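S.K.: quick check, what structure comes out for this input:
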Amino acid sequence: MLRTARVGAGDEVIVPSYATATTAEAVRDAGALPVFADIDSRSLCLDPASVARAVTARTAAVVAVPLFGHPADLAALQAAVGQGVLLLDPTDGEEEEEGEEREEDIAQRRANAALLDARLTGVTPVTSPGVLHRYHSYVVRVPGNGRPDRDAFARALRARGVRCRVPVQTPVHRLPSFRRELWLPETERAAGECLALPVDAGTSRRELHRLVAACNALGGLLPAVAA
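M.R.: Model prediction:
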């Protein structure tokens, strides 16, 4: 997409730091400079206000990465940068490429996520109202003192047989190959609080109920660890 748009040497491309390094690497491979912006606390996608602050005379494009299946707010992002900056959506053409089995998987993930939405307590699902979420991951925030409490909570879930993972261990702007002296508060907060729970199509109803029981029993915090 970047090469088709003739983005290259001397250009800047705004990307999220709360993500995998894939997008930043693609920008660099095209010869452009990745510029990191902060995320919205509800969607975990690029925050339009932060993107607007990151725009310079060299900004050629913004890559609106949909985090964990949550779509980015394309209209707000385009309004933030104006018509002179390209807004690239990595999901362009994705729906046409999805077959019947893929749509069934998405429907099952949404059903699993709806069950967790209705029954989980003690953790906060990360989503914006009214969006068509694909739930590549079901991401929640674990309340408390950030990374220590989140990691302790994850260990306790695994001890109870519940699959879970930290979706982004290190923001891209803090990786050695992309290190920038930036303060992106929502990115840092998400990196310390967020946990991904299983909602893939292969997750059984029994596994979902075990997940709910374990999360609710823990209550989102482990007082002994927090102390």
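S.K.: residue contacts, the residue nearest the centre of the chain?
M.R.: Central residue of the chain (C-alpha atoms, centre = their mean): Leu67, 3.4 Å from the mean position. By C-beta atoms under 8 Å, 6 or more residues apart in numbering, the contact set of Leu67 is Pro16, Tyr18, Ala19, Ile39, Ser43, Leu44, Cys45, Val139. Where you see a C-beta, it was placed from the backbone N, CA and C, and this is true even at glycine.
S.K.: can you pull out the helices in the chain?
M.R.: Ranges of helices within the chain are 22-29, 48-54, 74-81, 94-97, 100-119, 147-159, 185-193, 205-218, 223-226, based on DSSP state H.
S.K.: what about Leu132, how many neighbours?
M.R.: 9 (other C-beta atoms under 10 Å).
S.K.: residues in contact with it?
M.R.: Counting by C-beta under 8 Å, 6+ apart, the residues that Leu132 touches are Pro71.
S.K.: roughly how far does it sit from Pro71?
M.R.: Distance, Leu132 to Pro71, by C-beta to C-beta, to the nearest Å: 7 Å.
S.K.: can you check Gly219 too?
M.R.: 31 Å.
S.K.: for Pro148, give me the pLDDT.
M.R.: Listed pLDDT for Pro148 reads 94.
S.K.: okay, it and Glu186: tell me how far apart.
M.R.: Taking C-beta to C-beta, one finds Pro148 at 19 Å from Glu186.
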